[in-house]
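Student: Structure, please.
(2 chains)
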There are 2 protein chains.
Amino acid sequence: MTPSKQTEKQTFSGTKPLLRVLQGERLARPPFWLMRQAGRYLPEYRELRSKARDFLDLCFRPDMAAEVTLQPLRRFGMDAAILFSDILVIPYALGQKVEFQEGRGPVLEPISSVDDLAVFDEEKFHQKLSPVYETVNRVRESLDEKTALIGFAGSPWTVATYMVEGGTSRDFAKIKTWAYGDPDGFEKLINLLVDSTTQYLSAQIDHGAEVIQLFDSWAGVLSEPFFRRFVLAPNREIIRRLRQKTTAVPIIAFPRGAGTLYPEFARECGAQAIGLDTTVPTLWAAEEIQKICPVQGNLDPIALVAGGDMMRRELDEILQNLSNGPHIFNLGHGIVPQTPIEHVEELVRILREG
Amino acid sequence: MTPSKQTEKQTFSGTKPLLRVLQGERLARPPFWLMRQAGRYLPEYRELRSKARDFLDLCFRPDMAAEVTLQPLRRFGMDAAILFSDILVIPYALGQKVEFQEGRGPVLEPISSVDDLAVFDEEKFHQKLSPVYETVNRVRESLDEKTALIGFAGSPWTVATYMVEGGTSRDFAKIKTWAYGDPDGFEKLINLLVDSTTQYLSAQIDHGAEVIQLFDSWAGVLSEPFFRRFVLAPNREIIRRLRQKTTAVPIIAFPRGAGTLYPEFARECGAQAIGLDTTVPTLWAAEEIQKICPVQGNLDPIALVAGGDMMRRELDEILQNLSNGPHIFNLGHGIVPQTPIEHVEELVRILREG
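Tutor: Now for the predicted structure:
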C-alpha cells in the first residue's frame, strides 16, 4: 500500500522547518538563520579566533571550525547551522596563494589566465579540503532534529573576482577587462570553477550537508549579456549537476545585486530557493519571485546594528510582505562585527514570539 | 499669428541635439557624452592636473577647470560638455574639511550630526563656489551652437555618504546606522543638502548651464522604505524647486543601482530623463522606463577598456534596444583612467557613422 496523502503530510511535518519551507511549505513563523551568523560580533568567536594562527587556519581546523559553527546556535537557536568556512578555500585548493591579512581582507596572487593555475588535480584538491569535510561531519553529528546543516560555496563569478583582482575590488576593472576582451579564455576559468565547486559541494553533501547555499555576492556588477553568461549559466550548471547527484538536498542561490534580473535568474537557475539582498522590495519579490520559488531574506544588517523601532518596523514589513508564500527569514547580507548581541536577541524574540 | 506646428518643429530642430532628445524627440543617431569625459585617461588632462596644487585647486581655478571641461570636446566632439568639478564641493562649501589624497580618493572629517557643521551661511556658500560659477560662464561662452552645457551636483544621499563615512565606503555602516537609528535627525542633514544643492544648481543655471544632471551614485544600497525617503524624496524636491525657477533647463537624474526601483523613481522624481547604470537591461528599460521619459546610458566603462568586437556588440545592442524612443548615449558609470583613447575614437566613429 502506498501511503495516503495524509500520512505523507504527517511524516513530512516532522522534518526540520528549514527543509519544509525549501520544499515549498509556508510556515506561519518563518524559520531563520543569519548570513555570517558565526563571526566577530560574538565574543566567544573572537576568543577562539585568537587561538588560531590565521583565518584560514581556523577554517581548516575541524575542532575549531565545528565549534565556531555551533556557537551562534547555542545563543540564538537558529533553524540552521551554516558551515564555518570561506568562499576562498576553492582558489586555495586550486593552488592559488591566498592570505587573510588582519584589517585588510583577503589577498591573493592574482591570475590573468587559467594557465596561471596548476592543472586540476582532483585528489590534491579534495585532500586540501578534507578538513572542511570533516567539519561538516562533526557539525552534523552535533545538531538536534530541528536544525538543518547548510553547506556552501561561492559561485564561480564571485570567486573569480577575487582570483583575478587579487582581493576585493571597487570597479572590477581587471576581471571585466578580461571577461569582455577575451570571453572564451575567461570562460575556461569559469568552467574550472564550475567543475571544482561542484565537486566541493558534492563532498559536503556526502559528509552531511542537508542544504547548499551558493553565494554570488558580486552578481550585480555585470551588464545583462555577461550576467547571463558568467552568473546565471555557471550557477545553473552547478545546480544541474548537484541535482543529478541527489534531489534530496535543496539549493539556495543568492545572486546579490541582480536587481531587475532577479526574476529571470529565479526562473532559470534551477535552485529550490532564492536569497534576496537588502535592496529587493519585498512586495515586489512576493509577486515576481516568491511565486516561482521560496525566498530568503532580507533585513539590512545595518538595521540590526541600529536596532530599536526602526529595526522592528523593517522586520515587520518584511515578514508581512512575504507571509503569503514560503519564506526563510535572513539578513540581506552578512551580519557585521559591530552588531550588538542584544539586537540579535530582540530579533530572535520577535521571530519566535511575534 | 501664432506659429504653426510645422514652423515650431523647424525652429525646434535647429536646437542642440541633446536638448531635443531631452524634450522627448527620438533621433536616429542618439547624441552622446561620457560620464567623467574630462579626466585622467587624457594626456592633456594629466598635464594640466600636474600644474594644479591638488584636485580641489583644479576644480576652483576657472581658467584650468574650463580648459579641462573643453579638452574632450576637441578630441571627440561630444554633444555636451559637462562642467569639470566634483560632487564634494558642496560639503567643502558647507565648511567641512575635504581633501583629495593622491591614490586614496577623498578624505573628509566625518560628521555624525548636522550640528557638526556651521549654520548654513548663504553668502559664504556662494562665495566659496563662485569659481565654479565662473567656470560655467567661461565654458558656455566657448561652446558652439551644437553643443550643450551640463551642470551637475551629487544628490543628497550620495553626498551625505562621503560626509558621514569620511570618504568612500564598502558597507555604508556609519551612515546607515545613523539613518536607520535616528531618521529624523539624519533627515536634517538631507534637508540641508537639498537646500544647498538647489541653490548651487540654481546658480549654475544662472551662469549658463543648459541641462542639470543629479548624480545619486550610491542610490543602490538602501532598502525600499529608506530609498523612498532618502533617495527618491530629496531628488524629487530639488527637481521640483529647480523646475519652479525655470522649465527651460531639463534635468537628468541618475539613481545608480536603483535596480527594481528604477521605474518608480522615473515616474515620481520629476526629472526629464533618467540615467541607466550598466546593469540595467536595455530591452527592459525600453519598456519600463523609456515609455515614461528619455533615457541615457549605459555601456559598461570596462567594455570601453576592453574595446574590440565585444565593445561593438554591446554598443550595437544598446543602440538597437533603445532605438524606439528618445535616447542619449552614455556610459553606465564614469570612464576609467586606463581607457585607451583609440577605443573612445572607435566608439565615437560608430556613434557618428553607424
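
Student: The closest residue to residue A:122 other than its chain neighbours: what's it in contact with?
Tutor: Nearest in space to residue A:122, with sequence neighbours left out and distances taken as Cβ to Cβ, 6 or more residues apart in numbering or on different chains, is residue A:199 at 6.9 Å. C-beta coordinates here come from the backbone N, C-alpha and C atoms, glycine included. Shown in contact with residue A:199 (Cβ atoms under 8 Å, 6 or more residues apart in numbering or on different chains): A:122, A:125-126.

Student: Alpha carbons of the helix or strand encompassing residue A:199, as PDB, please.
Tutor: Taking DSSP states H and E as the definition, one finds residue A:199 inside helix A:183-206. Written as PDB, here are the backbone C-alpha positions of helix A:183-206 (Å, rounded to 0.1, in the frame of the first residue of the first chain):
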ATOM      1  CA  PRO A 183      35.300  35.900 -23.100                       C
ATOM      2  CA  ASP A 184      36.200  32.400 -24.300                       C
ATOM      3  CA  GLY A 185      39.500  32.500 -22.400                       C
ATOM      4  CA  PHE A 186      37.800  33.800 -19.300                       C
ATOM      5  CA  GLU A 187      35.200  31.100 -19.600                       C
ATOM      6  CA  LYS A 188      37.900  28.500 -19.100                       C
ATOM      7  CA  LEU A 189      38.400  29.800 -15.600                       C
ATOM      8  CA  ILE A 190      34.600  29.900 -15.000                       C
ATOM      9  CA  ASN A 191      34.400  26.300 -16.200                       C
ATOM     10  CA  LEU A 192      37.200  25.200 -13.900                       C
ATOM     11  CA  LEU A 193      35.300  26.800 -11.000                       C
ATOM     12  CA  VAL A 194      32.100  25.100 -12.100                       C
ATOM     13  CA  ASP A 195      33.800  21.700 -12.000                       C
ATOM     14  CA  SER A 196      35.700  22.200  -8.800                       C
ATOM     15  CA  THR A 197      32.900  23.900  -6.900                       C
ATOM     16  CA  THR A 198      30.500  21.100  -7.900                       C
ATOM     17  CA  GLN A 199      33.000  18.500  -6.600                       C
ATOM     18  CA  TYR A 200      33.500  20.500  -3.400                       C
ATOM     19  CA  LEU A 201      29.700  20.800  -2.700                       C
ATOM     20  CA  SER A 202      29.200  17.200  -3.700                       C
ATOM     21  CA  ALA A 203      31.600  16.200  -1.000                       C
ATOM     22  CA  GLN A 204      29.900  18.400   1.500                       C
ATOM     23  CA  ILE A 205      26.700  16.600   0.800                       C
ATOM     24  CA  ASP A 206      28.400  13.300   1.200                       C
END
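
Student: is the next helix-or-strand element following that helix anywhere near chain B?
Tutor: Heading C-terminal from helix A:183-206, the first helix or strand you meet, by DSSP H and E, is strand A:211-216. No: in terms of Cβ under 8 Å from any Cβ of the partner chain, no part of strand A:211-216 sits within range of chain B; the closest distance is 13.4 Å.

Student: and strand A:211-216, which strands flank it?
Tutor: Strand pairing for strand A:211-216, determined by DSSP bridges: strand A:148-154 (parallel), strand A:251-255 (parallel).

Student: Got the phi and psi for the nearest residue to residue A:166 once chain neighbours are set aside?
Tutor: Spatial nearest neighbour of residue A:166, chain neighbours left out: residue A:110 (3.5 Å); criterion: Cβ to Cβ, 6+ apart. Here is the backbone geometry of residue A:110 (degrees, to the nearest 10): phi -70, psi 150.

Student: burial measure for whichever residue of chain A sits closest to chain B, as a count.
Tutor: Going by Cβ to the nearest Cβ, chain B is nearest to residue A:259 of chain A, at 3.1 Å. Number of residues near residue A:259 (other Cβ atoms under 10 Å in any protein chain shown) recorded here: 25.
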